[in-house]
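Novice: I would like to see how this sequence folds:
(chains A and B)
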Amino acid sequence: MNPIPESVLNVKGQTRYIDDLPEAKTLLHAAVAASPCARGLLKGVDAGAALALHPSIRIITAADIPGVNQLGTAVADEPLLVAAGSEWGFRGQALALVLADSVSLARRAAGLVTFSFDELEPVLDAREAAAKGLIILSPRTQAMGDTAAAFASCATVISGRVESGGQEHVYLETQAALATPAEGCAMRVISGTQHPTGVQEGIARVLGLPMHLVEVEAPRLGGGFGGKEDQAALWAALACLGARVTGKPVKLVLSRKDDMRMTGKRHPYSSDFRIGVDSGGKILAFEADYYQNSGAICDLSPAILSRTLFHAASAYRIPNLRVTGYMCRTNLPPFTAFRGFGAPQAFFVIEAALDAVSRRTGIDGAKLRRQNLLCDGDSFHFGMPVENCRARLSFDRLVEKVKWESLRRNIDSHNAKDPLVKRGAALMPICFGVSFTKLLMNQGGSLVHVYKDGSILVSTGAVEMGQQVSRKIARVVALAFGVGIERVRVERTTTLTVANTYPTAASTGSDINGMAALAACQEIRARLLVEAATLLGAPAPELSMESGRVMRNGSPTPLSWDELVTRTHEARIDLSAHGFYATPDLVYDMKSERGSPFAYHVYGCAAVTASVDVLRGTWRLDSVSVVHDGGESIDRAVDIGQVEGALAQGLGWALLEDLRFDEKGKLLADTLSTYKVPDFHFMPEKVDVEFLEGFPNHRAVMRSKAIGEPPLVYGIAGYFAVLDAIAAARRTAVGGEGPGLYDIPLTPEKTLDCLMGARP
Amino acid sequence: MRVKLSVNGSVYEREVEEHFTLLRFLREELGFTGAKEGCGAGECGACTVFLDGKTVNSCMVLAVEADGSEVETIEGQALNGSLSDIQAAFDRHHAVQCGYCTGGMVLSVKELLKRIPKPTVPQIKEGIEGNFCRCTGYQQIIEAVLDVSGQAESAGKGELKHA
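Specialist: Numbers count the residues shown, from 1 in each chain, chains lettered A, B, ... in the order given. Sure thing, here's the model as predicted:
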């Protein structure tokens, strides 16, 4: 019996997520009692009403924490539970943990816990926070050339303002953890996390344990998208705290509403740009200030800001550039990693700047973009040379594929005739750097066992959350040993098998962990081939493994994989190996902001067309076409799914998903009825994804390229397609150039405001 | 209250608290964890099951309301372990990523194809619009439905794009 592929378990409903696991008889369920306003000073916790509900109820507060009440890593600003006498920073922050013997009791009791507190004035706006000096760490600037001098020589200089909203992950499986006390002081926790080691570290700190007493297992996740990186640690640590205090297993599964209220989301940004071009449209200078709304807790904000700065110029050559980012502390939930990780916000700013240039100068948007694309021999503004650049290649292929010029003409002639439905189109390139921008994180390990029956078990730090990283790793391993993929099982990630891992994130999951798995396989393979050489009386360099057999100079020998494994084991040779990979050639100097922080870049180009109902303000996406630089794919079907899924999220962020807070910092869109995510009708009828063929990437496993995040950015073209249609309406109805404010998401409500001239 | 119902052809009788949803009853009392709670408010469709031949969001039905009914869950779709045609098409077209929405999605497709054996793309979208998927962007799901309804040629340029 071979392992059943995860996709088959999934369609059968047999995959077990955390809340599906059998429950111990002694299990306690947890719920969180959270802060009732955006900013307050906690004076006391009154649990009387909650405790009166049922004898099984227990209330746990910061005073019960045996170790350090701190989960923050970059900045120590994230208490597990806010302690009496301390301030909380956002509405929905954990103040007390409630345990009960059923989940409904625990949740009801959590609602009955009351707090005495002083309500304090919150700051919600990033610019207001910056003005008040509420900056996390310090502002960061990257620069190249001399912008001041360059602006002086520009034919056209335009300044503008750009806003982009937050985005809720809506992973369908909410945050969850199941903690079980083990022998001694040890703790075992199953955590829905993309970062098992991070969770392990956090638990060790709050329980006052060394890391070797904390075991964290990450089962398959029901979606992550960045929301279960640092954000998963809190729930796992709370479950462990409950388990430590009671000595019983504790399960904490957030309700959707709690998940939406209490967890981090994509950072809203407010930005200013200034762009200068010569008379032909060549970009000479660009400046931007990014005010990142970091929320109440630092979390991953510095790394996210870092990616914003690195992607400020997108796929364009800009000789004089100066960009500065500010992490603004506000009283909103801790904004965190979300697919794209600060890059989409930067892409939106530079695309807005180019849109403004195109509308002001009349230079066609496609022509303007193409002439400014990066080429080999250029360098990024942080000094990294541009190599294997596929910006023009993918751009030109897309223009050809969608017949851009006739498409534009058709749209213009439609718009000239139809006063009620205006059509629009937009096209944009991407250039996305792959690697964690924090150098140290670009490492990963693996453990490979070949069992004596020839079956293979692989463990890595890669967490499976639907991106099929396990399938890719299984393929890498099968190929390394020359056996069928059905011989390989990829084990779920635990801190017992692979230590000191970094999150499955930054699109690097298969790059780093695939390479680590390969390293272990190569070690075992070399041992097997030495034994094969002895058995066959042939020199090892002539031997290889293919189709379940040892080959000599490419021809089959009588020695099968199974027999070789058995004989190697009988010869008392180790059939297990630990593999390790650290992405080579990464260097970066934070002081000078110079270096090569990425292993490589992913290029591509997208065109989106849309229609706007001029009377109602509703829009419809008509088509999306993508030409994507994906290297040699390890699994094309998986990669297509990643592109299409990322596109939906990117389009959702650009047009639909409206993360709204009221003036007191209360999240208004805290259910799936008030927070709209893309549904079947949102996506355009025509989604055409083409991969550039014949461009292997020699800087990643099996010549592939990272796929998870880059295509999300294409969604921005959806914004500009709708904007183009609005502009067509305004030229006839209102007049004017384009918006004075570029503002994501461009919801139907905002669209109508634009059409009515109520927005700039 | 005492509730008696059949799930995937087997009869179960249990004492149940009145406020228990059918979803919790299936998951916690009977162990059918294939139906998931995505939102608990009838918005996402991850908890979809058949109740007397019609799909419902089982988080919006009380267990006591299902007394005397026939329930069908995702666990009942693969007969003797082999995948149903819809399940096989989902697998073949890579219409599954994280898997959390998949069970509900498969059942909604089954209900759609019972009503409309060869749905057009707009009919597919309308038929399963109550099910959210946050991973796939829906394209591969639509292709799987076209394929399983014998319309493979519509699933992309005369050939199956992702098969």
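
Novice: avg pLDDT for stretch A:339-351?
Specialist: The pLDDT scores in stretch A:339-351 average 98.

Novice: mind saving the C-alpha coords of it as PDB?
Specialist: Extracted in PDB, the C-alpha atoms of stretch A:339-351 (Å, rounded to 0.1, in the frame of the first residue of the first chain):
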ATOM      1  CA  ARG A 339       1.400  37.000   0.600                       C
ATOM      2  CA  GLY A 340       3.500  39.600  -1.100                       C
ATOM      3  CA  PHE A 341       4.800  40.900   2.300                       C
ATOM      4  CA  GLY A 342       5.100  44.700   1.700                       C
ATOM      5  CA  ALA A 343       5.900  44.400  -2.000                       C
ATOM      6  CA  PRO A 344       2.400  44.900  -3.400                       C
ATOM      7  CA  GLN A 345       2.100  48.200  -1.500                       C
ATOM      8  CA  ALA A 346       5.300  49.400  -3.200                       C
ATOM      9  CA  PHE A 347       4.300  48.200  -6.600                       C
ATOM     10  CA  PHE A 348       1.000  50.100  -6.300                       C
ATOM     11  CA  VAL A 349       2.900  53.300  -5.600                       C
ATOM     12  CA  ILE A 350       5.200  53.100  -8.600                       C
ATOM     13  CA  GLU A 351       2.400  52.000 -10.900                       C
END
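
Novice: secondary structure class for whichever residue of chain B sits closest to chain A?
Specialist: With CB to the nearest CB as the measure, B:Gly34 is the residue of chain B nearest to chain A, at 2.5 Å. Yep, even glycine has a C-beta here, placed from its N, CA and C like the rest. Of the three states, B:Gly34 takes coil under DSSP: H, G, I helix; E, B strand; the rest coil.

Novice: hang on, it packs against B:Ile74?
Specialist: Yes - counting by CB atoms under 8 Å, B:Gly34 does reach B:Ile74; the two are 3.8 Å apart.

Novice: tell me which of the two has more neighbours.
Specialist: Neighbour totals were compared for B:Gly34 and B:Ile74, and B:Ile74 leads with 29 against 26 (other CB atoms under 10 Å in any protein chain shown).

Novice: for A:Ala63, what are its contacts?
Specialist: Shown in contact with A:Ala63 (CB atoms under 8 Å, 6 or more residues apart in numbering or on different chains): A:83-84.

Novice: pLDDT wise, what is the residue of chain B closest to chain A at?
Specialist: 97.

Novice: could you do A:Ala700 as well?
Specialist: 94.

Novice: that older thread, for the residue of chain B closest to chain A, which residues are in contact?
Specialist: A:12-14, B:73-75, B:103.

Novice: mind doing that once more with 10 Å?
Specialist: A:10-15, A:20, B:26-27, B:47, B:49, B:73-77, B:102-104, B:106-107 (CB atoms under 10 Å, 6 or more residues apart in numbering or on different chains).

Novice: rewinding a little: which neighbours do B:Gly34 and B:Ile74 share?
Specialist: Contacts common to B:Gly34 and B:Ile74, judged by CB under 10 Å, 6+ apart, are A:10-14, B:49, B:102-104, B:106-107.

Novice: which non-adjacent residue is nearest residue 105?
Specialist: Picked chain A for this. Using CB to CB, 6 or more residues apart in numbering or on different chains and skipping the chain neighbours, the partner closest in space to A:Leu105 is A:His54 (5.4 Å).

Novice: wait, chain B was what I had in mind.
Specialist: Leaving aside its chain neighbours, B:Met105 sits nearest to B:Asn131 (4.9 Å; criterion: CB to CB, 6+ apart).

Novice: so that neighbour: helix, strand or coil?
Specialist: coil.

Novice: okay, now the residue in the stretch 401-550 of chain A that chain B sits nearest to: neighbour count?
Specialist: The minimum distance from the stretch 401-550 of chain A to chain B, using CB to the nearest CB, falls at A:Gly466 (3.0 Å). Neighbours of A:Gly466 under the rule other CB under 10 Å: 30.

Novice: so it sits against B:Gly99, correct?
Specialist: Yes - shown here, A:Gly466 and B:Gly99 form a contact pair, counting by CB atoms under 10 Å, at 6.7 Å.

Novice: what's the helix ranked longest in chain B packed up against?
Specialist: As assigned by DSSP state H, the longest helix anywhere in chain B is helix B:102-115. Under the contact definition 3 or more CB pairs under 10 Å, 6 or more residues apart in numbering or on different chains; DSSP states H and E, helix B:102-115 sits against helix A:6-11, strand B:48-51, strand B:54-57, helix B:85-92, helix B:121-127, helix B:139-148.

Novice: average pLDDT for it?
Specialist: Helix B:102-115 shows a mean pLDDT of 98 in the predicted model.

Novice: look up how far B:Ala46 lies from the residue in the stretch 101-250 of chain A that chain B sits nearest to.
Specialist: Using CB to the nearest CB, the single residue of the stretch 101-250 of chain A nearest to chain B is A:Gly222, 3.4 Å away. Separation of A:Gly222 from B:Ala46 (CB to CB, to the nearest Å) stands at 9 Å.

Novice: how many residues are close by residue 73?
Specialist: Going with chain A. There are 16 residues near A:Thr73, going by other CB under 10 Å.

Novice: sorry, should have said chain B
Specialist: Residues within reach of B:Thr73, counting by other CB under 10 Å, total 24.

Novice: try the one 4 residues further on
Specialist: Using other CB under 10 Å, B:Gln77 is surrounded by 21 other residues.

Novice: equivalent analysis for B:Cys39, please.
Specialist: By other CB under 10 Å, neighbour count at B:Cys39 equals 25.

Novice: ok, it - contacts?
Specialist: B:Cys39 neighbours (CB under 10 Å, 6+ apart): A:170, A:172, A:174, A:255-257, A:259-260, A:671-673, B:45-47, B:57, B:59, B:132.

Novice: which of those residues are buried?
Specialist: For the contacts of B:Cys39, a burial check counting by 16 or more other CB atoms under 10 Å in any protein chain shown picks out A:170, A:172, A:174, A:255-257, A:259-260, A:671-672, B:45-47, B:57, B:59, B:132.

Novice: overlap in contacts of A:Gly222 and B:Ala46?
Specialist: Contacts common to A:Gly222 and B:Ala46, judged by CB under 10 Å, 6+ apart, are A:172-173, B:36, B:38, B:100-102.

Novice: looking at these, spot the one nearest A:Lys591.
Specialist: Ranked by distance to A:Lys591 (CB to CB), those are led by A:Glu173 at 41.8 Å.

Novice: which ones are touching the residue nearest to that closest one when sequence neighbours are not counted?
Specialist: Excluding its sequence neighbours, the residue lying closest to A:Glu173 (CB to CB, 6+ apart) is A:Gly222, at 2.5 Å. Listed by CB under 10 Å, 6+ apart, the contact set of A:Gly222 reads A:15, A:17-20, A:171-174, A:176, A:192, A:228, A:465-466, B:36, B:38, B:46, B:97-102, B:134-135.

Novice: swap in A:Ser623?
Specialist: A:Ser623 neighbours (CB under 10 Å, 6+ apart): A:402, A:407, A:425, A:607-610, A:684-688, A:721.

Novice: could you pick out which of these are near chain B?
Specialist: A:684-688 (CB under 10 Å from any CB of the partner chain).

Novice: dump the residue contacts of A:Glu23.
Specialist: Applying CB under 10 Å, 6+ apart, we find A:Glu23 in contact with A:29, A:178, A:249, A:251, B:28.

Novice: which bits of the stretch 401-550 of chain A sit near chain B?
Specialist: Within the stretch 401-550 of chain A, the positions adjacent to chain B are A:464-468, A:471 by CB under 10 Å from any CB.

Novice: I'd like the contacts of A:Glu23 laid out as a markdown table, including secondary structure.
Specialist: Formatted as a markdown table, the contacts of A:Glu23 follow (three-state DSSP):
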| residue | secondary structure |
| --- | --- |
| A:His29 | strand |
| A:Leu178 | strand |
| A:Pro249 | coil |
| A:Lys251 | strand |
| B:Glu28 | helix |
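
Novice: got the domain boundaries for chain B?
Specialist: Listed by automatic domain parsing, the domain ranges of chain B are B:2-76, B:85-154.

Novice: please apply the same query to chain A.
Specialist: As recorded under automatic domain parsing, the domains making up chain A are A:5-121+A:169-262, A:269-437+A:592-755, A:443-582.
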